[in-house]
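Q: Here is my input, please return the structure:
(2 chains)
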Amino acid sequence: MSINDLIPILGSVLELSSIYSIVTLGLVFSFRMVGFADLTIESSFTTGAAIYAVLITQTSTSPFIALALAGAAGSAAGVCTALLHVKGNISRLLAGIIMMTILYSVNLQIMGKGNLQLVNTVTIFDAIPASLRPVCMLLLALLIYAASFLLLKTHFGYLLRTSGENPSVVEKLGYRAGGFVILGLVISNALTSFSGAIAAQYYGYSDVGMGTGLIVAVFAALILGESVCAPKSIFRLLAAAFIGSILYRLAFEIGLRMNIHPWNLRIAVGLLLAVALVLKQAINRKHSKLFVGTGGI
Amino acid sequence: MIRLENINVTFGKGTETEVRALDIPALELFEGSWNNVIGPNGSGKSTLLKVICGQILSLEGKIFITGKNITGSGASKRFDYVQMIEQDPRNNTVASMTIEENLRLYAFRKGTPSLSGLKSGSIVEIRKLLARFDMGLEDRLHSQAGLLSGGQRQAVAVAAVLLRNPKILLLDEFTAAIDPKTAPRLLNIVKQLAADFNITVIMVSHDLEQVIDSGDRIFILSSGRVAEDISTASAKITKAELVAKYTHILEEEGVL
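A: Below is the predicted model of the structure:
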């Protein structure tokens, strides 16, 4: 394989990992901030793609507005999951599973069929030459990461972070921890849906199954990132999420090129997550106190 | 400063397990005073603190703070003048946050823009405050709280709550999880700080030595009632006397 073959591969790795890094960032909000391993994202990713695809193919909505609306739909899904837990006292895991299941049907309703093609449609990158698209996607992702970093440095961010790790301190400070769980999932699912819409744009279709397996993939990415960059601070946590997204995509790409049979890809992903978890414990145990959800993960 | 009138807290009202947790006809604590509370398990010590900080609102009677009736206002409304430090350091500070972040978390105030509680200039003040604990905390602002010892972590909690300028500080066995060498040192510093900032303190403790050495009053609670109210401001009580009184109460209650 020559260097000329490598450039397009690296371009697609960069673009795809930038797209999925936004879901990993969502996981930071749901899992590392408010302590919610939220399965909703498996479906809210698709919801974003579905809404985007329908708006683009059946209306004359601008792709930017379609992306925003996709994000908004995701945040609504986040509210539902959070309310099931906070108000309905359903466990976090089950609340996520319930919403994931419900959204599957909702997604089919939105699209009207299982798959919607987006051939020759407008995209947000139309003004940019194709060769620069990966860089633009990278910049967009970094912009969202930067905004999240600033958000997490505000009072709201501090409380959001505390609500998952130590709800009693939030209550002591005179706030309700449940409110922050809702907001955490709103942000997380909005990011996930937004990412789903961009993914639809990238792949050129929206498919009802496109979010399947996403939770394991982003967990693998986050843990992988944390094992190479111990999350001792908010900055390092976000850096870990981003680096992990790239490493995960690289590993995936290498797997594909090593001619792993597609049937066996999930074995590879599962093993990767297991290895990353073991690695992370070995590396991090000594020198840092990690964020919420450290019990094994 | 704090005045309780006909306070009555009953748990499990109307059920078989009904318990009168607190029954205080009248109690007044003076501004800037240090008040110790001792008593056997279930005597109402923690209930008293929770009533004052607003965590328990279903009660009969009235609570006044500086003459104002605050009986109905919840913990979130009292947060600006009442602060509590719990026994377990993990309940007071956030492990993954650095010392500085923990202080910022507490220093923020509702309704004020972000970070206003702790502008860059005030970092000098923060360092000064932390330096008073003599634990080297002022040089470890970027250490995560979870990596500190129990004593250091409680010191951070004290510094954090002081940033909110409380009028009342409730200490619920806050040195119980700390080694016996550090505990008295931390207590002494908190005493100095409380005196400097004119804070009214209520300290629940099981350590009679601590109680004798500090403060203006000792309350012995028993079955929700104030069984003894001993003023130690002018005349210190000896340990033998206190032990005798405490033992007597424990015997009456059938604990001994």
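Q: Of all the helices and strands in chain B, which has the lowest average confidence?
A: helix B:75-78 (a mean of 78; mean pLDDT, DSSP states H and E).
Q: Adjacent strands (with direction) for the helix or strand just after that one?
A: Counting by DSSP states H and E, the element after helix B:75-78 in chain order, helix or strand, is strand B:82-85. Note on strand B:82-85: by DSSP bridges, its sheet partners are strand B:168-172 (parallel).
Q: Dump the C-alpha coordinates for the least confident helix or strand of chain B into CSV.
A: What follows is helix B:75-78, C-alpha atoms only, in CSV (Å, rounded to 0.1, in the frame of the first residue of the first chain):
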residue,chain,number,x,y,z
ALA,B,75,-32.8,23.8,52.6
SER,B,76,-32.2,25.6,49.3
LYS,B,77,-33.5,28.9,50.8
ARG,B,78,-31.5,28.5,54.0
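Q: buried sites along it?
A: Using 16 or more other CB atoms under 10 Å in any protein chain shown as the test for burial, helix B:75-78 gives B:75, B:78. For glycine as for every other residue, the C-beta is placed from the backbone atoms N, C-alpha and C.
Q: That helix and chain A, are they touching?
A: Yes: contact of helix B:75-78 with chain A (CB under 8 Å from any CB of the partner chain) involves B:75-77.
Q: Which other helices and strands does the helix or strand in which residue A:10 is found contact?
A: Element membership for residue A:10 (DSSP H and E) is helix A:3-27. Packing contacts for helix A:3-27, counted by 3 or more CB pairs under 8 Å, 6 or more residues apart in numbering or on different chains; DSSP states H and E, involve helix A:41-58, helix A:133-152, helix A:177-203, helix A:214-228, helix A:234-257.
Q: Swap in 6 Å and give it another go.
A: Judged by 3 or more CB pairs under 6 Å, 6 or more residues apart in numbering or on different chains; DSSP states H and E, the packing partners of helix A:3-27 are helix A:133-152, helix A:177-203, helix A:214-228, helix A:234-257.
Q: What parts of chain B come near chain A?
A: B:76, B:79, B:91, B:94-96, B:105, B:108, B:114, B:144, B:146-147 (CB under 6 Å from any CB of the partner chain).
Q: Go through the residues you listed and name the one with the lowest pLDDT.
A: Lowest in pLDDT among those is residue B:114, which has 39.
Q: tell me the contacts of residue A:269?
A: Contact analysis of residue A:269 by CB atoms under 6 Å, 6 or more residues apart in numbering or on different chains lists nothing.
Q: any idea of the angle the helix or strand hosting it forms with helix A:234-257?
A: In the assignment (DSSP H and E), residue A:269 maps to helix A:265-284. Helix A:265-284 runs at 140 degrees relative to helix A:234-257, counting by axes from the mean of the first three to the mean of the last three CA atoms, to 10 degrees.
Q: Buried ones in helix A:265-284, by neighbour count?
A: By neighbour count on 16+ other CB under 10 Å, the buried set for helix A:265-284 is A:268-269, A:272-273, A:276-277, A:280, A:284.
Q: nearest to residue A:159, of these?
A: Closest approach to residue A:159 among those (CB to CB): residue A:284, at 25.0 Å.
Q: picking up where we left off before, of the residues of chain B next to chain A - the most surrounded one?
A: When neighbours are taken as other CB atoms under 10 Å in any protein chain shown, the top entry among the residues of chain B next to chain A is residue B:96 (26 neighbours).
Q: Are we agreed that it is in a helix?
A: No: Residue B:96 is assigned coil when assessed by DSSP: H, G, I helix; E, B strand; the rest coil, not a helix.
Q: How much space separates it from residue B:87?
A: Going from residue B:96 to residue B:87 by CB to CB, to the nearest Å gives 21 Å.
Q: Residues contacting the least confident helix or strand of chain B, please?
A: So helix B:75-78 is contacted by A:174, B:53-55 (CB under 6 Å, 6+ apart).
Q: Mind telling me which residue of the stretch 101-250 of chain B is nearest chain A?
A: residue B:146 (3.1 Å; CB to the nearest CB).
Q: give me the number of residues near the residue in the stretch 101-250 of chain A positioned nearest to chain B?
A: Across the stretch 101-250 of chain A, the shortest distance to chain B (CB to the nearest CB) belongs to residue A:174, at 3.4 Å. By the measure other CB under 10 Å, the count of residues near residue A:174 is 16.
Q: which residues touch it?
A: B:76, B:79.
Q: Using the three-state scheme, assign it.
A: Classified using three-state DSSP, residue A:174 is coil.
Q: what's the pLDDT at it?
A: Model confidence at residue A:174 (pLDDT) stands at 79.
Q: again, but for residue B:256
A: Note on residue B:256: pLDDT of 64.
Q: Kindly report the same for residue A:104.
A: The model's pLDDT for residue A:104 equals 96.
Q: so where does it fall, helix or strand?
A: helix A:92-111.
Q: between that helix and helix A:41-58, how many degrees?
A: Using the same axes, to 10 degrees: helix A:92-111 against helix A:41-58 is 10 degrees.
Q: Can you list the low-confidence ranges for the stretch 151-297 of chain A?
A: Within the stretch 151-297 of chain A, the ranges that satisfy pLDDT under 70 run A:283-297.
Q: Would you mind listing what in it touches chain B?
A: A:154-155, A:158, A:162, A:165-166, A:168-169, A:174, A:289, A:291.
Q: which of these tops the neighbour count?
A: residue A:162 (29 neighbours).
Q: tell me the angle of the helix or strand hosting that residue relative to helix A:234-257?
A: Using DSSP H and E, residue A:162 falls within helix A:155-165. Angle, helix A:155-165 to helix A:234-257, by the same axes, to 10 degrees: 70 degrees.
Q: Helix A:155-165 vs helix A:177-203, what angle?
A: Using the same axes, to 10 degrees: helix A:155-165 against helix A:177-203 is 100 degrees.
Q: For helix A:155-165, what is the distance to the chain centroid?
A: 20 Å (CA atoms, centre = their mean, to the nearest Å).
Q: Just the angle for that helix relative to helix A:133-152, thanks.
A: Using the same axes, to 10 degrees: helix A:155-165 against helix A:133-152 is 90 degrees.
Q: what's next to helix A:155-165, contact-wise?
A: Counting by CB under 6 Å, 6+ apart, A:33-35, A:151, A:169-170, A:177, A:180, A:184, A:292, B:94, B:96, B:105, B:108, B:114 sit against helix A:155-165.
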